[in-house]
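S.K.: here's a sequence, model it:
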Amino acid sequence: MAKLRNSLEFRIVYEKGVRYDGRLMTAFARRNDCGQHRLGITASRKLARRAVERNRLKRLLREAFRLSFENLSTTRTNYDWVLNAKRSLLKVKLAVVLEDFLEVLARLKRDEQLSGVE
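M.R.: Alright, predicted model coming up:
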């Protein structure tokens, strides 16, 4: 899985990407020409004070993204993704996170068909 590495890459996705709000996460997606989907994850200290909690949030989001690979491959193009954890993510299991990400992905695919997400 390819990752977004620096703050500039994150900032570009935030500014030029499309925002999708889920129950457990906020997702930003922007088309890329890398030949694969790339992922960046944020979990702020304001959201979870303890590092162990922030790491769990990031692990859950990363695993949901990984398990969605088959669904991600059905998009017309590849995207840079930034997933921002929400506080409600602290209290759920992986299956719920995966379901929420798949809902976000379905909305992105619908937008692709309607207008073409930039």
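S.K.: neighbours around Met25, how many?
M.R.: By other Cβ atoms under 10 Å, 25 other residues sit near Met25. C-beta: built from backbone N, CA, C; applies to glycine.
S.K.: and it, what are its phi and psi?
M.R.: phi -150, psi 160 (degrees, to the nearest 10).
S.K.: cool, Tyr79 as well?
M.R.: Dihedral angles (degrees, to the nearest 10) for Tyr79: phi -130, psi 150.
S.K.: report the buried residues of stretch 103-111.
M.R.: By 16 or more other Cβ atoms under 10 Å, the buried positions in stretch 103-111 come out as Val104, Leu105, Arg107, Leu108, Lys109.
S.K.: show me the residues you listed that map onto helices.
M.R.: Residues of the buried residues of stretch 103-111 located in helices (DSSP state H): Val104, Leu105, Arg107, Leu108, Lys109.
S.K.: what stretches of this structure score poorly on pLDDT?
M.R.: 116-118 (pLDDT under 70).
S.K.: quick check, central residue of it?
M.R.: Nearest residue to the geometric centre of the chain (Cα atoms, centre = their mean): Leu83, 3.4 Å.
S.K.: one step back: distance to Asn71 for the ones in helices among the buried residues of stretch 103-111 - can I get that in a markdown table?
M.R.: Output for those, formatted as a markdown table (distance: Cβ to Cβ, whole Å):
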| residue | distance to Asn71 |
| --- | --- |
| Val104 | 11 |
| Leu105 | 6 |
| Arg107 | 12 |
| Leu108 | 10 |
| Lys109 | 9 |
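S.K.: tell me the contacts of the closest residue to Tyr14 other than its chain neighbours?
M.R.: Using Cβ to Cβ, 6 or more residues apart in numbering and skipping the chain neighbours, the partner closest in space to Tyr14 is Phe28 (5.8 Å). Going by Cβ atoms under 8 Å, 6 or more residues apart in numbering, Phe28 touches Val13, Tyr14, Gly17, Val18, Arg19, Tyr20, Trp81, Val82, Asn84.
S.K.: which helix or strand contains Phe28?
M.R.: Taking DSSP states H and E as the definition, Phe28 sits inside strand 25-31.
S.K.: return the list of strands paired to that strand, each annotated with direction.
M.R.: Strand 25-31 pairs in its sheet with strand 18-21 (antiparallel), strand 79-85 (antiparallel), by DSSP bridges.
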